Structures are given as structure tokens and as C-alpha cells.
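Undergrad: This is a predicted model, with the sequence first.
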Protein chains: 2
Amino acid sequence: MSKHLKALFYPENITIIGASTNPEKIGHIVLNNLLQIGFQGKIYPVNPKAKEILGQKVFSSIQELPNNLDLAVITVPRTLAVSSLAELGAKGLKAAIVISAGFKEIGGKGYHLEQELIAIANQYNIALLGPNCLGLINTHANLNATFAAGLPQRGSIGFFSQSGALCVAILDWALGENIGFSKFISLGNKAVLDEADMIEYLGEDEETKVILGYIENVCAGEKFIQAAQKVTRKKPILLIKSGRTAAGARAASSHTGAIAGSDQAYSTAFKKAGIIRILDVESLFNLALAFSSQPLPQGPNLTIITNSGGPGIMAADICESSRLNMTRLAPKTIENLQKILPGYAALYNPIDIIGDADAKRYLDTLEVIKDDPNTHSILVLLTPTSAIVPHLEDLALGIANFSKTIDKPLFCVFMGRKHVRPAQKILLDHKVPCYFFPEPAIHALESMFEHAEWRNKPVSRPEILDRDLSRAKEVILQAQAKQQREIVEFQALEILEAYNLPHPSTELARSSEEAVEIAKDMGFPVVLKIASPNISHKTDVRGVLVNLNSPEEVKQAFLEITSRAQRLRPEAHITGCLVQKMAPKGCKEVIVGFKRDDQFGPLLMFGLGGIYVEVLKDISFRLAPLTREDAQNMIREIKSYLLLKGFRGEPAINFQALEEIILKMSQLSLDLPQIYEAEFNPILVNHKQALVADVRLTLD
Amino acid sequence: MSKHLKALFYPENITIIGASTNPEKIGHIVLNNLLQIGFQGKIYPVNPKAKEILGQKVFSSIQELPNNLDLAVITVPRTLAVSSLAELGAKGLKAAIVISAGFKEIGGKGYHLEQELIAIANQYNIALLGPNCLGLINTHANLNATFAAGLPQRGSIGFFSQSGALCVAILDWALGENIGFSKFISLGNKAVLDEADMIEYLGEDEETKVILGYIENVCAGEKFIQAAQKVTRKKPILLIKSGRTAAGARAASSHTGAIAGSDQAYSTAFKKAGIIRILDVESLFNLALAFSSQPLPQGPNLTIITNSGGPGIMAADICESSRLNMTRLAPKTIENLQKILPGYAALYNPIDIIGDADAKRYLDTLEVIKDDPNTHSILVLLTPTSAIVPHLEDLALGIANFSKTIDKPLFCVFMGRKHVRPAQKILLDHKVPCYFFPEPAIHALESMFEHAEWRNKPVSRPEILDRDLSRAKEVILQAQAKQQREIVEFQALEILEAYNLPHPSTELARSSEEAVEIAKDMGFPVVLKIASPNISHKTDVRGVLVNLNSPEEVKQAFLEITSRAQRLRPEAHITGCLVQKMAPKGCKEVIVGFKRDDQFGPLLMFGLGGIYVEVLKDISFRLAPLTREDAQNMIREIKSYLLLKGFRGEPAINFQALEEIILKMSQLSLDLPQIYEAEFNPILVNHKQALVADVRLTLD
């Protein structure tokens, strides 16, 4: 494919199907845009009626076209678009942009026509963008194959969007703010080329430093994660994923027919792939500006230089609420500051050089901070006082020059608008991000810090764990043969044993006498649980009694549980009761589970049992396969982690044993695709061990 | 005071102490600013050396000035400023703006000079703004008594700021964005006039519709809350309070010497007063724009009209994540939409009128939505498609006219920059807020909805609860006489009884035999707790044993507890053990407490016992005095509320009994100012009752 992507982004010739003499038609606008940008290759407008459009010779049919066609832009109505693509394919076309609409997005016949498009593209191996899209811009190849109304500057941001409207809005924003792009891509219905292809391509593209995107869904979860994982190790990907909420998802499905996966799965997938998830368009730009112009910080420490107290405090507040720290300046730095600053300046971070500061005082302070060993990034904060306003442009130039002498990120916040705007422009022209308020600057720096962390993190690979896979598969086959929807009790125990998962010893008692004998052998106290293939929610029939301390209690419990179950669920076959060794005192209950996401596969979850998961939603998530580090982080991420670490003098739980269970759940989720949902609940953990006390596996 | 505030904001004459011939001096700039704005009253520049400045006759001394002085602006060095104020006071000056710096903010002698200023202002009843401030602007009285570099337009926003730098930055922003102000006030050190005075004044000011402010601390908590509570019932107050975090607070204290109260107390106070707390300057403007131009929504339902799917989804996402709802349109509305919109439009909210929509389609849709009974507010969302771009200005005018025909808030989001900017300007000129992205619009609407809720909420007054106040005071007096730092055990029981607070029956046993006898009388099971005036943290010596079921267990427990305490705390006097009736099974443990905030008085807290408070920080706060509604909301606000409501089939707790305890804690906090911190922990609650099982009261 990548060879044909070259034909898409760097074509030597472009065919326009539906080139028109009517300046209002898309086929005309595309041609005009190509001419305006000064495309250097050949252009073949196709139109059966016209002879010449905008000075270009027109071909009356596809048959007349020369061979070696690189890229075709198709703007004709949908049925004609399909047949044209087939003709072009037969002539060896390499890439196509189908702007025409009326396909999957409107359903019905449109859906089937899109299937035809896909089949033709596959048959002839055509890199197809769209349909139902705005087109594509490559500023570095003088290529504007869109019908958009403006052209962005050259730059280093690669952008793709599933929404054509968002392309339009972002283009307008970029034009207003002088933001430059390397590639600008409208994905449309993503019939063939999708976000993963773009990520892969832009990842390799030397003109692109930062990848920005807007998506409503992902076409192929695994392909997407793999492509992104590779790219984010060398350049940042910032994505907006819409349809976060129920209302948004409803709106999305009435929109392009995109089936949105669970939003949690998306967040987890982004995290796994090192993608920075953005929630609003404004942040998308603020971050793009930062990432495309400054080096990544090598640590969390931010040093703030300000000419005013109030804004300094606000900035310190924001810094503290982020993952950044306020730098503790080295004593030597403070000494040097003392030498150059007036006595009334505040020498500690934020360094307040006071309202009468001029450009020189700012620049002198920067020179001192440059050598501070504790500083990882610098923020120059300014309010337009009468002392600095006449020198704002000198200061901007000074800062711009200074920034070239350091390898740490440097950001400016020039608060205000009217007087600071020209200085801001100078800074932006010199690739120093300058914002009007502290928040966006510090949030952008925080994202850069997190991205640097991600890039510095060694790649760890998931291990494949020992297990008796054929034994596990056998259990599944048997259950499927019996058309079970769930795997419980002894079948589930089989699975636990196949994965060598520790569990309390458990035996089936068919009578109260048997239960007493088993309990005596195990040792008291014990737990009794109803055993029935038809009852999966044991607590619904109050089918679990714990802490049974004597033969009498066990006997009575057996009779109580079985008779109640029979009364409440007369249709159920009652096998008897499971007798289980009672967990030692002081055990915590935790839950490990997964649910298979349609798009991204098994989504694993971890949390403390009972209300922590159900009421407080204190849960951590990861997508399989898990590394050991993932398992460790899942445990650490929940708020109630402190309880596991040892609260009020209790010993910490055996984390390794718990990690092992999480990793095995991940392994199981990959081994047994027939299982749709799984839960180990509860897992009983203390400082010694972790035991899986109950299991539910739901089949697909 | 308010009479003299009139002299501050609407002076008939202004004296400038330190008027200067040097255009760089503040005394010159102030005079020039007054002349530039066309101040209509008399101006008396004072300078011993000059004869005339900027065409104004100069007075060589204060003695020479005429009588009936309204306002003096003092710009001379601090010592002279103090003596000048005294002279002016003696001549009957009503109001003063002290711009001069070098007072409290630098400490030392400055602190004492500020005390002198205050004494003089009090002696002569002068409304004094500053010192260390930028001055004051009243656009509706042609008054610019600042040394600022620009003048904002007339408008309806009243602004005050504790940070002069923020005044400068905000002024610059307002100049760049054409934002109008009614009053613009730099508070400086707040020696006399503070934020509460400004809130009170701006609350009554007819030119001010919205009050904006930036503060780092509040001077007098109660005065502040009372002033704001009155004003927020008729106009919104939006405040930034800096120094939220530890780093911010450190920076604040090195700044103006403001002693920042706990940030939690501030948030709680703002809530109590109906103040909208803003976290960043940009939001301050976005909200000010919304509040000052549109009516409040009468409900949460937002209807979105869009010409593009993607942005519609994004807006729906943001709406769903807020306290607003997406309107469910009435069937009649949908019917009417069907009549005017093309077949491919999406008629459900967000109403997608598709990318080929022109101005007429937008306006026709608005006319239909106007009559929808379920809609409380309207958002017009637009991407600059080629169909709409040529008609953007017509559309803007059409929307502006339409907005005058409805009494619901109408907001626009015109996504982009270059092409949409002129249309945005038209809308803003017609008082229709227009943003570039959906987020700020929806967040502003959400704030307006919450403010409307606040204004519609009936005012409820705290009740005064029955209690035996003299009995409670007696306990405190006795404890103080003994120089106790804490009130525990029987003294605490006395307090509980004085407030008629239910508690488990508790008796003191001096020997194990006595303990057994008491337990027998009470009935098993019981709890034993160490009784010692010297041991306040009973668990530190493992001084509590629960669930004692028999005489033997009680006896053993007594010996164990007392001997262990003696061993671990050999210096302590051990009185014996408290025997307490064991709480019924299934009780939940909750905590009610308060801590006295220096600024705002008793800050009450409520939460579930154990890890909920300590690890998960799941706590709700209110400032005393509490209304019954406050107590109810405190219980409802915590996340673990679901546990109290009945989780997994348990009955709900007795909420009324718990409310009663919270209200009595509030009463106690007001009755007994000697108590610095108090905690009922645990309170045992079930569906029947709520019992205070343990109490700790810390004296000041």
C-alpha cells in the first residue's frame, strides 16, 4: 500500500473526473485549487462536454487518458463515481480521492455502492481516500486536491479528520492564526484508507513533526494501536475522539453510521498506544503549537519568571494542580539572581522581577536560569505594565534569540491582548509558543512532559504464561456442546487449574452429611455455596453462607441453602452445595475481570470488591495483552490502592500474587476468544496470598 | 460609608496629590487620564513647585485647596502620603485613592505606615481605596483615576482586583476584544475598602449587571458572605480566588502578605454565598460575556442547530458532561421541522440542517425552535462551509434580530477564525455571545443555569435548636479551669446530653467486676474503651475492644485494656474502662465534625467513617450556620451516599436522625467558640437510629 500512498500524496499526474466549467461545481473548484497552488505535475480534467477549462485541455472520456495514472479526484454523482473508478482501475490508477457523497453515510443503496467502491479499490489495489470527503492537501508538494475555500501555510503539523466539517472549521482557524500544515486530510467514510493508514504514513513523513486528528470511531482496533504505538515513540499523536457520551454517540450514529466502541475502551487504547487524547479543539491547537515548536522537557520542574505577583500565583496554582512541579532553584542560581535583580524582587520560584522590570531584566534573568541544574522548562510570564510595554517587541526578539541557545522548552504567557499581540506574533514566528493566559501554556507543557516520559519508557513485551491450554479449551468445548451460556463451579475450577490459579480448596457435597465430612477434612471455618448449573447469581437466592464453625452449623446451612434455592427457583436442578475453606481473617476482596470490546478486544478491569467497584467506580482498565508493568500499574491506579498497601498498620498485601492473577486473566482472554466476559470475584488477598474464590465466565 | 463611596465613584471634584510636570510620573499620568476621558468636575492638582500642568492651575499646598473635597488621588511617596491624608482629612475629604506603594506589601515599617493610614481614614471617615493600587475607572461618570495605559469601553461589567498586574492584563485584553466595563477597580492592599464593600456597592449600582473579581484572600469572612448572599440573588458574581494550591499560597504570601485561609473554606463560602468560582481568566471573560448579554435559562434543556455532524457530536458530548440536557423536542416541533428542512436533515437534537444550509434555513429552523415548549436555551453551531460563507453577515444580523424576539438565551458557535470573525463581531455588537468552539459556550450556559437555580431557590434560614446551653458552657469552663486541651468521655457525654444528642448508654467501670456488672445490666454484647484523662487517641494503645459477648470476655478485656495502657503509657492516670452498649448489627459508621476557619468560622464536614474519609477523601463541607437543606445536601453530596440509601437490598438509614446530629453540630460550633475542632466519630446509623458513639472536642 505504501507505494500507492506515495501516489496519493506526491502524484505526478492528477485526473479530475467531473471537471466542470461551472465555477460553483466541486469539479471546477478542485481544478482551480490545483492551479492556484501551482501543482507541478500534469492535470487531466475529464468532462464529455467541455473542451477546455481554466486553460487546461479537457479529456472527453477516461478511455482517452494516457497511461500511468497516479491520482484521480472523483467528484461526479455516486453511481458514476463507482463506474469511473472501475474504468480508472482497469487503466492502472494508483490512488483516488472520492469526494462524491451518498454512500454509507445515508445507508440503503449508498451502503451497497460503497461496498462496490471497496471491491474495485481492492481489485486494482487503489489507495482510496473517501468517499464523502473534502479531499487532501500536501503543502510540501504544491498539492491542493480539495474543494476548500482557503489554503493553509506550509508547516509541520499533519492533520486528518473523519468530519469534513471539522476540516473546514480547522482550516478557517489555521488561516486566521497563521498555523501551518504539512498534510491536511479529510478521511470521509474511510471505505479503504483509515486513521491507522494515515498515522502510519504521517509517522514516516519527514515533513510532519506532530500528528493531529479527529475521529468518531476506529475502523480496526489492533491495526490502529500497532500503527500508533510505533509512531508515538518518535512523534506525538494528538487525537479528538467524539461521541464520548451517550448523547454524543447517538448523534454520531445518526451521522456517519460509525459504530462507536465503548468510550472507556478508546481511552484505554489511546493510553496503550501513547496517543494524547484531547477533549476540545482549542487544546488541539495549543498543544500542536507547543509540540511542533519546542523540545520535550527532560523532567517535571518548571521555573516561572514574572513581572507581577497575582499572575505568578495563578500560574503556580496551575502548575501544582498538574503533573509538573515548581522548580526548587539551586542555591547558586539564587545567588546569581541576587546579583542582577533589585532587592525587592522575589528570588524564589515564581521569580518575581517586579512591575518595573524592563526587557533587559527579563533577559538577564533568563541567562541566569539557563544554568540552573534543576530547571527542566521555563515560563516567561508578563503583564503589560507601562515599564515593559514600550519594549515588548525587543523583549520578544530577545527571548526568541535566547530560546535558540537552550535545549529546554521555553514558553511565554503575555497576558492581555491589545498591546501584547504584536510581541506574541514575533514569538510565534520564531517558534516560541506564546499564549494570553497561563493555563494553556502549562497544560501544553504537562502533555509534553508526559509524552517525553512515554518516549523514554523502555518498551516492555507481554510474556506468554505457562498454562495447560488444551485442558482449558476442552472445558469450553464441553460447555459449548451443552449450549451453556456460562461456565461456573467445577468447570470454572478446571479452568483455574489449567491456568494454575490459586483458589481455596472446594468440594461438592451432595448431602448435608457429605458437607459435614468434607468440612471436617478441610478444617473449620468453611463457606457453603449453592451448586446448580441453573443458578449463576448465587446471592439472588441467598445461596452463600460464610463463617460456618461447627458440624451443626454446616448441616443446618446445607439444608437452609438448598431448600431456599428450591423454593425460590423451583425449575432449577440443585446439585448440592460447594464447601469451601473460609479465607483467613483480614483478607481484602478484589475483582479482576474483562469484557471483550468489539473494536479493541479484551478490556481488562481491576478494582476492590463490593462498593468500591459498584458505587465508587474506582476501577482501572487495560487492553490485553498486559505486560507485568501494566498489571502493577492497574493495581496502583485505583484510589483505594492505599488499602492494599496497608492501612492503619496492616501489612501490605502480596502484590506479586495479585499481579500474577491479573496477568493470567489477560492470557486467558487471549487464549479463549469464546469467552465474552469474565470475572474473578472475589479474589481474597492478604499479605501472604491471593486466592480466586469465585469465577464467572460468560460465553459469546 | 455608602455616602462616601458615592464620592469615590461619582466625585464632583478631584485633588491630585503629587501632580507632576514630568509625563513619566504617575501624578502626571493620572491627571492626563482624567483630562483625556473628559472628567466633568473640578480638578485640583497639588504640587509645591509647579504653577500649571496640562493647562490646569496647580495648588502649592493642601492648605490652599477649597473646601468640600470629594476625592483625592495620592501618588506621593509613602510617608508624605500618610501626612497628606491627615491634612486632607482635617479639611473634610470624603474619599481617597492611595496609589503610593511601600506599605503592608513590603512589611516592616510599611506595615506600621499602613496602620497609620487606616487610623486616619477611620478618624475622618474617608472611603479609602488602596494603598499600592492602580486606581479606579467609572466609565459612566467619565472618571479615569488610574495611571493605566488605556481606557475600556462603557459596558455593564463591574470588575475589581486585588492584583494591580491583573488589572493591567485584563484592561489590555478588554481593549483588544472590545469588552465594556461599568466600574474598574484596583483594590491594592485593601487597607480600608475591601472586596465586600465593592460587592455591596456594585450590587446596588444600576450600571453594573455582572460583577467580576480577582482576589487572593478575603478580609472579613462573614461580611463578605453576607454582602455576596444579598447581591447574588439579583446579579451574578464571578470570582477568581488565587492561591488554591500550596505552591500558589506560598507565592501569595510572598506577594501581598495576604494570609490565605484554607482553600476548601473559600470554595464552601463561595457556594454558600452563591458566588461562581472561576479557575482561569479566559473563563472569566467567556462567562462575563454570556451573563451580561443574555437572559438566564429557565431550565436545563439545550437545543443545538448545526450545519455539520462532527461538531454537533462534540457539542452533544460537552452538553451531556455538563449539568445541561439535550432537549427532547416536542413531536409538534419535529413535525414543523420536517416541513421546512430537506429530507436528509437530522430532525432530532442536535438538529443537523446539513452542510448546504444557507442563512434562510438557519433562520427558518430558529423560528420553529422558538415555539418548542421543551427548549430552554438554543445553540447555533456553524462551520464555515462554502454554502454559508457568502451569507455569514446576513445570518449574523438575522440571528441578532431573532434573539430580540425570544426570552431564552441564545448562543452562537461559529467554528473557525478567518471567515467567521466579522460575523462574530456583528453578533457581539448585538449582544449575542459568539464563540469559536462549543466548549466555552456550553460551559457558560451551564453556569447561567446554575445561577438561575440559585436565584429561584427559596431562601431558607437556619433554625436555632433547643439545647441546654448553660450546661454545655459549664463543661467548657470546667475544662478550661483544668487547662485541658481536649474534652473527652464523661465531659463529652455531658455535652451530648446538653444538646440532647442520642448516644449508646455508657458507664464507667473502675474494676473488672464493675465492668461485668454494668455489662449484665446493659445486656450483651458490649464494647470496652480505656478511660483516662491523659489518653485521647484510644486506638494508639489499642484501648477499644468490641463485641464482648459474655461476663468472661468482659472481665478479660478489662484487664487486657487497662494493663496494656499502663504499660504503653506509664505516665497516664487510668480511671478504668467505659462500658458501652454494642451497636446493633449492620450499622454504618459516619463522621460529623468541624474545624474553625480563621476567616469563615466553623467549617463543617461529613463523611463515612474509616477509609472513605481518610483514603478516598469522600467528604462534604458547609459553613455554619446550617439550614436543614444544607444538612440534607451534605449527606447527599458524598459519593458513598448510595451506601446510606441502601445498597444490595439493605434498608436506607434514618436520614432525619442523621440530619439532626449534623444540625446540632452546627449549633454547637456557634454556641461554643472555645471549641476549635470537634468530631463525632463514629456515629452509628441504621434504618432506625443514629447514635453518637464517640466524641472529641479540642479547645482553642
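TA: Received it, and whenever you're ready, just let me know what you need.

Undergrad: just the strands in the stretch 301-450 of chain A please.
TA: For the stretch 301-450 of chain A, applying DSSP state E, counting those that start in this stretch gives strands covering A:301-306, A:325-326, A:351-352, A:377-382, A:410-414, A:434-435.

Undergrad: Can you name the element that comes right after the least confident helix or strand in chain A by mean pLDDT?
TA: Among the helices and strands of chain A, helix A:246-253 carries the lowest confidence by mean pLDDT, DSSP states H and E, at a mean of 65. Sequence order places helix A:263-273 as the next helix or strand after helix A:246-253, per DSSP states H and E.

Undergrad: Now do that next one, average pLDDT.
TA: The predicted model assigns helix A:263-273 a mean pLDDT of 93.

Undergrad: next SSE after that helix?
TA: For helix A:263-273, the following helix or strand on the C-terminal side (DSSP H and E) is strand A:276-278.

Undergrad: Now that next one: buried residues?
TA: Of the residues in strand A:276-278, A:I276, A:I278 count as buried by neighbour count, 16 or more other CB atoms under 10 Å in any protein chain shown. Bear in mind the C-beta positions are built from the backbone N, C-alpha and C, glycine included.

Undergrad: any residues touching the next helix-or-strand element following it, and which ones?
TA: Using DSSP H and E, the helix or strand that follows strand A:276-278 towards the C-terminus is helix A:281-293. Residues outside helix A:281-293 that contact it (CB atoms under 8 Å, 6 or more residues apart in numbering or on different chains): A:155-157, A:166, A:169-170, A:173, A:177, A:179, A:209-210, A:212, A:236, A:238, A:240, A:276, A:278, A:409, A:411, A:428, A:431-433, A:435, A:440-441, A:443-445, A:447-448, A:451, B:314, B:415, B:436-437, B:439.

Undergrad: Now with 7 Å, please.
TA: The contact list for helix A:281-293 (CB atoms under 7 Å, 6 or more residues apart in numbering or on different chains) reads A:156-157, A:173, A:179, A:209-210, A:212, A:236, A:238, A:240, A:276, A:278, A:431-433, A:435, A:440, A:444, A:447-448, B:437, B:439.

Undergrad: Keep only those of these that are in helices.
TA: A:W173, A:P440, A:A444, A:S447, A:M448, B:E439 (DSSP state H).

Undergrad: mind putting those in JSON lines, neighbour count included?
TA: Output for the ones in helices among the contacts of helix A:281-293, formatted as JSON lines (neighbours: other CB atoms under 10 Å in any protein chain shown):
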{"residue": "A:W173", "neighbour count": "24"}
{"residue": "A:P440", "neighbour count": "23"}
{"residue": "A:A444", "neighbour count": "23"}
{"residue": "A:S447", "neighbour count": "21"}
{"residue": "A:M448", "neighbour count": "23"}
{"residue": "B:E439", "neighbour count": "22"}
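
Undergrad: quick one: least confident of those?
TA: Among those, pLDDT bottoms out at A:W173, giving 89.

Undergrad: Find the residue closest to that residue in space, skipping its chain neighbours.
TA: Leaving aside its chain neighbours, A:W173 sits nearest to B:R417 (4.4 Å; criterion: CB to CB, 6 or more residues apart in numbering or on different chains).

Undergrad: wait, what's in contact with that neighbour?
TA: With contacts defined as CB under 7 Å, 6+ apart, the neighbours of B:R417 are A:D172, A:W173, A:L175, A:G176, A:E177, B:F436.

Undergrad: Could you find the closest non-adjacent residue to the residue nearest the centre of chain A?
TA: Computing the C-alpha centroid of chain A and ranking residues by CA atoms, centre = their mean puts A:F270 first, at 1.8 Å. The shortest distance from A:F270 to any non-neighbouring residue, by CB to CB, 6+ apart, is to A:R277 (4.7 Å).

Undergrad: what sits against that neighbour?
TA: By CB under 7 Å, 6+ apart, the contact set of A:R277 is A:L239, A:K241, A:S267, A:F270.

Undergrad: That one and chain B: what is the separation?
TA: 13 Å (CB to the nearest CB, to the nearest Å).

Undergrad: Run through the residues of the stretch 551-700 of chain A sitting next to chain B.
TA: Residues of the stretch 551-700 of chain A found near chain B (CB under 7 Å from any CB of the partner chain) are A:I611, A:V615, A:L616, A:K639, A:S640, A:L642, A:L643, A:F647.

Undergrad: Could I have the buried ones of those as PyMOL selection syntax?
TA: Burial among those is assessed by 16+ other CB under 10 Å; the matching PyMOL selection reads:
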select buried, chain A and resi 611+616+639+640+643
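
Undergrad: Out of the residues of the stretch 551-700 of chain A next to chain B, give me the two with the largest separation.
TA: Greatest spacing in these, by CB to CB: A:V615 and A:F647 (18.7 Å).

Undergrad: Do me a favour and average the pLDDT over stretch A:642-662.
TA: 89.

Undergrad: first vs last residue of that stretch, how far apart are they?
TA: 19 Å (CA to CA, to the nearest Å).

Undergrad: can you pull the buried residues of it?
TA: A:L643, A:L644, A:I653, A:N654, A:F655, A:A657, A:L658, A:E659, A:E660, A:I661, A:I662.

Undergrad: who are the neighbours in contact with A:L626?
TA: Listed by CB under 7 Å, 6+ apart, the contact set of A:L626 reads A:P462, A:L604, A:I662, A:L663, A:S666.

Undergrad: likewise A:K241?
TA: Taking CB under 7 Å, 6+ apart as the test, what A:K241 contacts is A:I215, A:Y266, A:R277.

Undergrad: Neighbours of the second one, how many?
TA: Burial measure for A:Y266: 24 neighbouring residues, criterion other CB atoms under 10 Å in any protein chain shown.
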